[in-house]
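K.L.:
quick one: sequence plus predicted model below, questions after.
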Amino acid sequence: MIGIARRLWLGVPAALTLVLGSSVASAQAFGKSADQVERAPERRDVRTELPIAAYTYSAHGARKGTAGGQGFVLGLVAPGQTSTLGGGATVWGAPLERLTLVGDAQRNIYGNFSPSIAAIVPLLGERHQGWSLGGLGKFKIDGFASGPRKNEIESELELGALISFAEDGFGLDLNLVAGRGLGDDGETDSEMRLRLGHNLGELVWLGLDAQGRVRVAGPRTLANGRIWDFAAGPQLLLGSGSFFAVLSAGPATMGLLSKDIGFTSMLGIGGTT
């Protein structure tokens, strides 16, 4: 009896060692699985990764270490004035986790060469969480050889707040932007930009992209004789792999020289890394 008890007592440490070893191994395996699930790569969709398609910026910005761009053509038709055809290119890159730089060079619907550079800085939220809140800083030139003597450069500085939501294929981007001209007149504008839509299948995104502007200080009237102008319309985006094409078209008063309403369109083709 004593021998049996002694053997049982000596077997307790071995049993504890076996149980503890199995528990540690199971915990490590569970931890590894959880870590692998947490770090599983998110499925990419070029339709949701554009920092800008036409008018509205995304608060998500681009993914760190990626770059992209698009070439585009612009058209404006309006009663009482010559039709305008323009175009240019937009490029972007994300050198840091929460910084996307966007450069743009175009002949705009006013017929002026208009380069710009912008920075998107996501502040709160993440793309995979379905929402982001960010800031925008932008410097743009609306035309060279301006002013009475045709020797001035019209430039503007813009600051804005960006909000983006995305869930189950639905996306919404909202921009609230204030811009001030850097010339002597001190023109100050307030802008709102809105983009919303939904994925249709694996290739198509269909929605709306719009921009509206109101002059709040400085010379009160814009070129169209009003203190406000806008451009808006449906947007169709096709995306597959790293490449996309986007078409935006609709009514507009931007670029008009009268109080009529014209029609503007934009066709862009590009890709991302």
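P.N.:
Sure, I can see it.
K.L.:
sticking with the residue nearest to G125 when sequence neighbours are not counted, tell me its helix or strand.
P.N.:
If the residues on either side of it in the chain are set aside, G125 comes closest to S132, at 4.0 Å by C-beta to C-beta, 6 or more residues apart in numbering. Just so you know, the C-beta spots here come from the backbone N, C-alpha and C atoms, and that holds for glycine as well. Secondary structure from DSSP states H and E places S132 in strand 131-146.
K.L.:
pull out the buried positions in that strand.
P.N.:
Across strand 131-146, burial judged by 16 or more other C-beta atoms under 10 Å covers 131-132, 134, 136, 138, 140-143, 146.
K.L.:
picking that back up, name whatever forms a beta bridge with the residue nearest to G125.
P.N.:
Here S132 sits in beta bridges with G125, S164, going by DSSP bridges.
K.L.:
could you measure from it over to L172?
P.N.:
Plainly put, S132 is 11 Å away from L172 if you go by C-beta to C-beta, to the nearest Å.
K.L.:
so for these two, which residues contact both of them?
P.N.:
Shared contacts of S132 and L172, defined by C-beta atoms under 8 Å, 6 or more residues apart in numbering, comprise 163-164.
K.L.:
where does the prediction get shaky in the stretch 1-150 of the chain?
P.N.:
Where the stretch 1-150 of the chain drops to pLDDT under 70, the residues are 1-43, 143-150.
K.L.:
all strands for it, in order.
P.N.:
Secondary structure of the stretch 1-150 of the chain (DSSP state E, counting those that start in this stretch): strands at 67-77, 84-96, 99-107, 116-126, 131-146.
K.L.:
any idea which of those gets closest to G250?
P.N.:
Of all the strands of the stretch 1-150 of the chain, strand 67-77 sits nearest to G250, with 11.5 Å by C-beta to C-beta.
K.L.:
thinking again about what came up before, got TSV for the buried residues of strand 131-146, with distance to E49 too?
P.N.:
Converted to TSV, these look like this (distance: C-beta to C-beta, whole Å):
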residue	distance to E49
W131	16
S132	13
G134	15
L136	18
K138	20
K140	24
I141	28
D142	29
G143	32
S146	36
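K.L.:
burial count for the closest residue to G68 other than its chain neighbours?
P.N.:
The shortest distance from G68 to any non-neighbouring residue, by C-beta to C-beta, 6+ apart, is to T272 (3.4 Å). Number of residues near T272 (other C-beta atoms under 10 Å) recorded here: 22.
K.L.:
I'd say T272 and T66 touch.
P.N.:
Yes - if you go by C-beta atoms under 8 Å, T272 and T66 touch, sitting 6.0 Å apart.
K.L.:
what touches both of those two?
P.N.:
Common contact partners of T272 and T66 (C-beta under 8 Å, 6+ apart): E49.
K.L.:
quick one on the thing from earlier: of all the strands of the stretch 1-150 of the chain, which lies closest to H198?
P.N.:
strand 131-146 (16.5 Å).
K.L.:
could I have the CA atoms of the closest one written out in PDB?
P.N.:
Taking C-alpha atoms only, strand 131-146 is exported to PDB below (Å, rounded to 0.1, in the frame of the first residue of the first chain):
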ATOM      1  CA  TRP A 131     -15.200  55.400 -41.000                       C
ATOM      2  CA  SER A 132     -12.600  58.000 -40.900                       C
ATOM      3  CA  LEU A 133     -12.300  61.700 -39.900                       C
ATOM      4  CA  GLY A 134      -9.500  63.700 -41.400                       C
ATOM      5  CA  GLY A 135      -8.100  67.100 -42.400                       C
ATOM      6  CA  LEU A 136      -7.300  68.600 -45.800                       C
ATOM      7  CA  GLY A 137      -4.700  71.200 -46.700                       C
ATOM      8  CA  LYS A 138      -4.500  72.400 -50.300                       C
ATOM      9  CA  PHE A 139      -2.600  75.100 -52.300                       C
ATOM     10  CA  LYS A 140      -3.800  75.700 -55.900                       C
ATOM     11  CA  ILE A 141      -3.200  78.200 -58.700                       C
ATOM     12  CA  ASP A 142      -6.300  79.100 -60.700                       C
ATOM     13  CA  GLY A 143      -4.500  80.800 -63.500                       C
ATOM     14  CA  PHE A 144      -1.400  82.700 -64.700                       C
ATOM     15  CA  ALA A 145      -1.200  86.100 -66.400                       C
ATOM     16  CA  SER A 146      -4.200  87.400 -64.400                       C
END
